[in-house]
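Trainee: Fold the following.
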Amino acid sequence: MRSRSTVLEIAILGLLKESPLHGYELRKRLNLLLGMFRAFSYGTLYPALKSLEKRELISAQGSQEAPSHALSGKRARIVYHITEQGIDHLTQSLATAGPSAWDDDNFDVRFAFFGQTDADTRIRILEGRRSRLNERLETVRETNSRTRGRLDEYTLELQRYGLEQVEREVRWLDGLINNERNRNQRQAAPPDSGTPGTGSDV
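Mentor: Numbering: from 1, shown residues only. Next comes the predicted model:
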């Protein structure tokens, strides 16, 4: 349960670092960003916002009281801002690369904020995720080989589908890891100074 609340907090802080948002817009952005993986409800979002505000990681600006000219029952929107403490907390959270970072419940959110994550941490998370999936592949293959003769064609097809999904994600991760490493190598390489004997024209 704590893992789910932590990953939601990272998502909220990551979006608020980009720009202040009111609750409705924040929920829309969360669903737009991560909707293919999960849906966030007001029932989970607002307790998380209250917790972040209580810990002074975000601040809320605006009044919950309706202005005098407002229609009955209408409230002014509260806009949430990330604080300096919130930025520090987010930076520390995104710099972690332990096993929870590549679990099924966390990996999608961590990947969504790779743009705010340093290169070494990105590679560690991608490699951790790939290792976890390779372990899963080995387990599934062993199970399939033991049970193949006892399963009907539909269960076998379902197992094959699940296996192909994991294999596809491993190939995707392979490509991402290679791209990250190549980018790091290019950034670390010294610039071409046009030294004699290289054929460079001045």
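Trainee: For H81, give me phi and psi.
Mentor: Main-chain dihedrals, H81, degrees, to the nearest 10: phi -120, psi 140.
Trainee: now it: how far from G149?
Mentor: Separation of H81 from G149 (CB to CB, to the nearest Å): 61 Å. For glycine as for every other residue, the C-beta is placed from the backbone atoms N, C-alpha and C.
Trainee: Comparing those two, which residue is more hemmed in?
Mentor: Here H81 and G149 are compared on neighbour count by other CB atoms under 10 Å; more neighbours surround H81, at 14 against 6.
Trainee: give the contact list for that one.
Mentor: H81 makes contact with L16, P20, I58, S59, A60, Q61, according to CB atoms under 8 Å, 6 or more residues apart in numbering.
Trainee: how about the strands in this structure?
Mentor: Taking DSSP state E, the strands of the chain run over residues 21-22, 58-61, 79-82.
Trainee: Out of the ones you listed, which gets nearest to E9?
Mentor: Of all these, it is strand 58-61 that lies closest to E9, at 9.5 Å by CB to CB.
Trainee: Pull out the buried positions in that closest one.
Mentor: I58, S59, A60 (16 or more other CB atoms under 10 Å).
Trainee: ok, back up a step: distance to L163 and mean pLDDT added to the strands of the chain, as TSV?
Mentor: Converted to TSV, the strands of the chain look like this (distance: least, CB to CB, whole Å; pLDDT from 0 to 100):
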stretch	distance to L163	mean pLDDT
strand 21-22	40	92
strand 58-61	42	94
strand 79-82	41	96
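Trainee: May I see those arranged in CSV, with distance to D118 as well?
Mentor: Shown next, in CSV, are those (distance: least, CB to CB, whole Å):
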stretch, distance to D118
strand 21-22, 25
strand 58-61, 23
strand 79-82, 19
